[in-house]
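# Take a look and give me a structure for this.
(one chain, ligands or ions: 2)
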Amino acid sequence: MVNNAAIVNEGSGWQRVIAINLTAVIVGTKLAAAHMRKDKGGKGGRIVSTLSVAGLVQSHMTPVYCATKHGVRAYITGLCKDPTRPDQGIEYAMIAPDAVDTPMFQSVDSNRVLFWDELKDEMKRRMMKPQAVGEAFLQLLRSDVINGAILQVDIQGKTFRHMECVNDGVTFDPSKAF
Ligand SMILES: NC(=O)C1=CN([C@@H]2O[C@H](COP(=O)(O)OP(=O)(O)OC[C@H]3O[C@@H](n4cnc5c(N)ncnc54)[C@H](O)[C@@H]3O)[C@@H](O)[C@H]2O)C=CC1
Ligand SMILES: CCCCCC(=O)/C=C/C=C\C/C=C\C/C=C\CCCC(=O)O
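Numbering: from 1, shown residues only. Ligands and ions are numbered 1, 2, ... in the order given. Take a look at the predicted model:
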């Protein structure tokens, strides 16, 4: 199951950004996990959530969007450490892209995204094609163990990180997964 939908513009109010980017992730994850968990008759599986570099750094841009992505990281990290998780047979991971050339990026409304006029050129310099994220996603899914991983994707390449080590560059080691 993949949690991917999100918005960045606060056109309908910042509460809508939280509803779509964070609340819906929690609701969707709860529904999926209840269906998937092996200890309740399901088949187990993987739940991957699309984070963002905005969920790894503290930015003065789009603080509500950043807060939702940090919230997703905290929520999913909690689930990945749940002591009953192995019995449930569910793995949790996240993918954290830098800027990607998608309708979200192209539709940024400079009236609704703080500091966009100042920073859009820097954002464009870092921008990747969606294919780069798709390939990284497949790499994540092909890994034997993914619970506890954040796959960071930027124009430098891909870096696996443990969820609680996003700032120190520790390489993801599946043998140390939760
Ligand atoms: N484009 C970028 O620079 C980056 C995007 N991301 C993340 O990647 C994910 C995908 O975003 P993009 O493809 O870039 O954006 P996008 O705008 O192209 O796609 C977002 C999708 O979410 C759906 N969506 C929005 N509100 C919804 C709702 N209420 N109910 C159901 N579906 C809804 C839209 O229909 C759309 O298909 C998001 O989680 C975003 O935060 C992460 C890092 C960078
Ligand atoms: C460098 C872009 C980070 C991508 C953030 C994202 O998930 C979606 C961006 C879509 C449009 C751009 C709008 C705002 C950028 C938001 C946060 C930037 C934080 C990163 C930073 O270095 O300050």
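# What are the boundaries of the strands in the protein?
Assigned by DSSP state E, the strands in the chain fall at 2-3, 45-50, 90-97, 149-154, 157-162.
# Write out the residues of this protein neighbouring ligand 2.
8, 52-54, 57, 59, 61-62, 65, 98-99, 104-105, 108, 113, 123, 126 (CB under 6 Å from any ligand atom). C-beta coordinates here come from the backbone N, C-alpha and C atoms, glycine included.
# Tell me which of the strands of the chain sits most buried.
Most buried of those, by mean neighbour count (mean count of other CB atoms under 10 Å): strand 90-97, with a mean of 24.
# what packs against that strand?
When contacts are defined as 3 or more CB pairs under 8 Å, 6 or more residues apart in numbering; DSSP states H and E, strand 90-97 packs onto strand 45-50, helix 63-80, helix 130-142, strand 149-154.
# Need the mean per-residue confidence for the first one.
In this case it means strand 45-50. Strand 45-50 carries an average pLDDT of 98.
# contact partners of stretch 111-131?
8-11, 60-63, 97-102, 105, 108-110, 153-155 (CB atoms under 8 Å, 6 or more residues apart in numbering).
# That stretch: end-to-end distance?
Start-to-end span of stretch 111-131 (CA to CA, to the nearest Å) is 29 Å.
# Number the residues from 56 up from this point.
Renumbered: residue one is now 56, and that last one reads stretch 166-186.
# And it, what's buried?
Using 16 or more other CB atoms under 10 Å as the test for burial, stretch 166-186 gives 168-169, 171, 175, 182-183.
# Report the distance from that stretch to the chain centre.
Distance, stretch centre to chain centre, for stretch 166-186: 18 Å (CA atoms, centre = their mean, to the nearest Å).
# and it with ligand 1, contact?
No: figure legend: stretch 166-186 not in contact with ligand 1 (CB under 6 Å from any ligand atom); closest approach 6.9 Å.
# cool, stretch 198-210 as well?
No: using CB under 6 Å from any ligand atom, no contact is recorded between stretch 198-210 and ligand 1, whose separation bottoms out at 8.5 Å.
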